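Undergrad: with the input below, show me the fold.
(2 chains)
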Number of protein chains: 2
Amino acid sequence: MARLVRHDRNSPYQVKTNSGETLWICACGLSNNKPFCDGSHKKTQDENPGDIYVYDGNSRVKVNPLYM
Amino acid sequence: MARLVRHDRNSPYQVKTNSGETLWICACGLSNNKPFCDGSHKKTQDENPGDIYVYDGNSRVKVNPLYM
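TA: Numbering: from 1, shown residues only, chains lettered A, B, ... in the order given. So this is what the prediction gives:
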């Protein structure tokens, strides 16, 4: 069971609970503490618009966006 | 800014808040109501273990998992 999902966001979702808590939920897809943000979106800051990346640990590769 | 991220889970994260609320957070990657679950993980139930998929609307394709 596995799939590749496109993520466009590079900052977390801010979720306010009924009691006033604030939760930061991973949106970049890269957190190692999912569903919560762990700051991994910082790795995406220098992505070039129009390019699609696949991350693998601390490295990444561009992939051909033919079907994106 | 975009990336493809592998998702292995096919059920949402259950997050309990301090006040006792339960939030269901998307983990399959396919929800149209992110960060919340919208039941889209049902689409993944018939994925074959060992195969990697890319979803596009209601269809999907298998991709070559050379680097997975």
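Undergrad: which residue sits closest to residue A:30, ignoring its sequence neighbours?
TA: residue A:40 (3.9 Å; Cβ to Cβ, 6 or more residues apart in numbering or on different chains). Using the backbone N, CA and C atoms, a C-beta is placed for each residue, glycine as well.
Undergrad: how about residue A:61?
TA: residue A:54 (5.5 Å).
Undergrad: residues of the helix or strand harbouring the one you found that come out buried?
TA: Assigned by DSSP states H and E, residue A:54 belongs to strand A:52-56. Residues of strand A:52-56 classed as buried: A:52, A:53, A:54, A:55 (neighbour count, 16 or more other Cβ atoms under 10 Å in any protein chain shown).
Undergrad: over to stretch A:1-10?
TA: Under 16+ other Cβ under 10 Å, the buried positions of stretch A:1-10 are A:1, A:2, A:3, A:4, A:5, A:6, A:7, A:9, A:10.
Undergrad: remind me what whichever strand or helix holds residue A:14 packs against, helices and strands.
TA: Using DSSP H and E, the element containing residue A:14 is strand A:13-16. Counting contacts by 3 or more Cβ pairs under 8 Å, 6 or more residues apart in numbering or on different chains; DSSP states H and E, strand A:13-16 packs against strand A:22-25.
Undergrad: does the strand it packs on come close to chain B?
TA: Yes. Using Cβ under 8 Å from any Cβ of the partner chain, strand A:22-25 comes into contact with chain B via A:23, A:25.
Undergrad: run through who's touching that strand.
TA: A:12-17, A:35-37, B:15, B:17, B:23, B:25, B:35 (Cβ atoms under 8 Å, 6 or more residues apart in numbering or on different chains).
Undergrad: could you rerun that using 6 Å?
TA: Outside strand A:22-25, the residues that touch it by Cβ atoms under 6 Å, 6 or more residues apart in numbering or on different chains are A:12, A:13, A:15, A:16, A:35, A:37, B:25, B:35.
Undergrad: near the last one, how many other residues are there?
TA: The one in question is residue B:35. 24 (other Cβ atoms under 10 Å in any protein chain shown).
Undergrad: many thanks, have a good one.
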